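Asks: task: produce atomic coordinates for the following.
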Amino acid sequence: MSNAYLDALKQRRTQYALGRNVTQSKDALVALIQDAIKHSPSSFNSQSSRALVLFGAESDKLWSLATDEVRKVAPAEGFEKTEAKLKSFAAGVGTVLFFEDQDVVKKLQEQFALYADNFPVWSEQAGGMAQLSVWSTLAVAGVGASLQHYNPLIDNAVAREWNIPASWKLRAQMPFGSNEAPFGDKAFMDDAERFRVAG
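Replies: All right, here's what the predicted structure looks like:
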């Protein structure tokens, strides 16, 4: 059975070999990213997900900041491999930074006290869905990406550099660009170990 949504999910793969040879304009890529986040679900339609989209020199700056922050805590021996990985993220055309607005979470906790403990969890789920939506949308457009998590190490540097509101909590970074290498085969565990069906 053919299913366009599943086809999009199957196209979404981790791409570390990024380049700047994308055919879409900056405005077109921003529109794709915005639409993907806008139409992602969130509990109580809270729309808690936020994004900062960086292109060119601004994206380079992010990965330079990340390199500086990681260097402070990573062992000096073997850091070349870590630095090369961070440079590979900068090789793309841009980076999406995903945030969750904690003011939205707190407001919902106040409004619906019965569910107060769940709103932080639901916010994380909303953020994950927004990230998957953007990743799949970019994949369908022929744009490669990967999902990175250098937070909370880079949180303060990012907040200072791009004047991020205090309530925005950084959750992930997604470097994106042209696919400069083919994807390898993806391994899957046995369905019998993962799924159960009743009824």
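Asks: and the longest helix for this protein?
Replies: helix 119-140 (DSSP state H).
Asks: what's the angle from the longest strand seen in the chain to helix 119-140?
Replies: Longest strand in the chain by number of residues (criterion: DSSP state E): strand 168-179. Interaxial angle, strand 168-179 versus helix 119-140 (axes from the mean of the first three to the mean of the last three CA atoms, to 10 degrees): 10 degrees.
Asks: just use 24 as the starting number from now, easier for me
Replies: Will do, 24 is the new start, and the previous item becomes strand 191-202.
Asks: residues in contact with the longest helix of the chain?
Replies: 31-32, 34-36, 52, 55-56, 58-60, 62-67, 69, 71-72, 74, 119, 121-123, 125, 127-128, 131-132, 135, 167-168, 170, 194-195, 197, 199 (CB atoms under 8 Å, 6 or more residues apart in numbering). From N, CA and C alone the C-beta is placed, and that goes for glycine too.
Asks: what pairs with residue 196 across the strands?
Replies: Beta bridges link residue 196 to residue 120, residue 171, judged by DSSP bridges.
Asks: list the contacts for it?
Replies: Going by CB under 8 Å, 6+ apart, the list of residues near residue 196 reads 85, 89, 112, 118, 119, 120, 121, 170, 171, 172, 173, 174.
Asks: ok, now how distant is the third one from residue 98?
Replies: To tie it back to what came earlier, the one meant is residue 112. 20 Å (CB to CB, to the nearest Å).
Asks: buried subset of the contacts of helix 142-163, written for ChimeraX?
Replies: Filtering these down to the buried ones (16 or more other CB atoms under 10 Å) takes a single ChimeraX command:
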select :31,35,52,55,56,59,60,63,65,66,69,71,72,74,119,121,122,123,125,127,128,131,167,168,170,194,195,197,199
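Asks: circling back to that earlier point, who has more neighbours, residue 112 and residue 98?
Replies: residue 112 (25 against 7; other CB atoms under 10 Å).
Asks: any figure for the gap between the residue nearest to the more buried one when sequence neighbours are not counted and residue 217?
Replies: Leaving out its chain neighbours, the residue that sits closest to residue 112 by CB to CB, 6 or more residues apart in numbering is residue 198, at 3.8 Å. According to CB to CB, residue 198 and residue 217 sit 29 Å apart.
Asks: what about those two, which has more around it?
Replies: residue 198 (26 against 8).
Asks: for the more buried one, which residues are in contact?
Replies: Contacts of residue 198 by CB under 8 Å, 6+ apart are 41, 82, 86, 112, 113, 115, 117, 118, 168, 169, 171.
Asks: what's the answer for residue 176, then?
Replies: 89, 92, 93, 96.
Asks: this completes my enquiry, with thanks.
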